[in-house]
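**Q** Sharing a sequence plus its predicted fold:
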Amino acid sequence: MPPFSSPSALSSSSPYLSRDAVVVALRTAGCVFAEDEAELILTAAGTPGELAAMVERRAAGLPLEIVLGWAEFLGRRVVVEAGVFVPRRRTEFLVGQALAGAPHASVVVDLCCGSGAVGAALASALGRVELHAADIDPAAVRCARRNVAALGGHVHAGDLFDALPGVLRGRVDILAANVPYVPTREVALLPPEARDHEPLTALDGGVDGLDVLRRVAAEAAGWLAPGGCVLVETSELQAADAVEAFRRGGLTARPAADEDLYAHVVIGTKE
């Protein structure tokens, strides 16, 4: 069924008989960008009943991306599902840094892949690559398969490098590892959309937020090709410790930041 294109297309059976009604419902629920969200929901809804359900789910606090079924990431619509980490705009900086560091990469791994947004974006930009994605969360694995299948990618279930085929050792040009890095004590301070609707395994990085990052840093060199790079997100306060973790793992490491996106990435390179 086509999306609603005008208020007159809304059935009298719907509690939302106009765009204004949708906007009011979203604004009342605390949605800061109620007007923009209303347009997206109205466009996505195929029936009055579907519209009502979508508005009510969003008003109840479900992330907009989960309500719509997709998130925009580097100009692409990435499928997202309930219980899966929603890709953040700041992570686009990580993708850009990966492409700048390895513009001719032929083997790409998206570790802690969530929806697979990072791997899909890298593969789309690079062209024909061997793409692998992995996550410990079964919901993420199912979702990632929907996003990377069309790109010829492979998705694996398991804990970090244990999930990957052994034939990748020493061959990976780009290892993007969007690891959880929120310190355990700060998880409760996250916005409800993340705290209540995204998996804890995608958020909680341990006491100082770097538990999973250190595990990646300790093993990454064995999986990278000569000149290959591994990239992780951190906070500004964690960047120095993350650099040191990569150096202990035998990599040349440096931080990079984009203040506009409030994005902080640490890049480790195998010489």
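**A** Arrived safely, thanks for sending. Numbering: from 1, shown residues only.

**Q** Quick check: nearest residue in space to the residue nearest the centre of the chain, chain neighbours excluded?
**A** Centroid-nearest residue in the chain, with Cα atoms, centre = their mean: P87, separated by 2.6 Å. Ranked by Cβ to Cβ, 6 or more residues apart in numbering and with sequence neighbours excluded, the top spatial neighbour of P87 is A117, at 3.9 Å. For the C-beta atoms, the positions are set from N, CA and C on the backbone; glycine is no exception.

**Q** Can you give me the neighbour number for that neighbour?
**A** The number of residues packed around A117, counting by other Cβ atoms under 10 Å, is 31.

**Q** Okay, it and G222: tell me how far apart.
**A** As judged by Cβ to Cβ, to the nearest Å, A117 and G222 stand 26 Å apart.

**Q** what does A239 give?
**A** Distance from A239 to G222, by Cβ to Cβ: 24 Å.

**Q** Between these two, which has more neighbouring residues?
**A** A239 (20 against 13).

**Q** which ones are touching the more buried one?
**A** P255, A257, H264, V266 (Cβ atoms under 8 Å, 6 or more residues apart in numbering).

**Q** do S115 as well
**A** With Cβ under 8 Å, 6+ apart, S115 has these contacts: 71, 78-81, 84-87, 140, 143-144, 147.

**Q** where's it, which helix or strand?
**A** Counting by DSSP states H and E, no helix or strand carries S115.

**Q** Could you check how far it is from E193?
**A** 15 Å.

**Q** any low-confidence regions in the chain?
**A** Scanning the chain for pLDDT under 70 picks out 1-17.

**Q** Do a quick rundown of the strands in it.
**A** Applying DSSP state E to the chain gives strands spanning 70-73, 76-79, 107-111, 130-135, 154-157, 172-177, 224-234, 252-258, 263-269.

**Q** Going by neighbour count, which residues of stretch 219-226 are buried?
**A** E219, A220, A221, W223, L224, A225 (16 or more other Cβ atoms under 10 Å).

**Q** ok, the first one - contacts?
**A** Read it as E219. If a contact means Cβ under 8 Å, 6+ apart, then E219 has L160, F161, G249 as its contacts.

**Q** would TSV of these with neighbour count and distance to H154 be doable?
**A** Formatted as TSV, these follow (neighbours: other Cβ atoms under 10 Å; distance: Cβ to Cβ, whole Å):
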residue	neighbour count	distance to H154
L160	18	16
F161	21	15
G249	20	25
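
**Q** S106: which of those residues is nearest?
**A** Of all these, S106 sits closest to F161, with 19.5 Å by Cβ to Cβ.

**Q** correct me, but that closest one touches W223?
**A** Yes - under the criterion of Cβ atoms under 8 Å, F161 makes contact with W223 at 6.5 Å.

**Q** all helices for the protein, in order.
**A** 19-28, 34-44, 48-59, 64-68, 91-101, 117-126, 138-148, 192-195, 211-223, 239-248 (DSSP state H).
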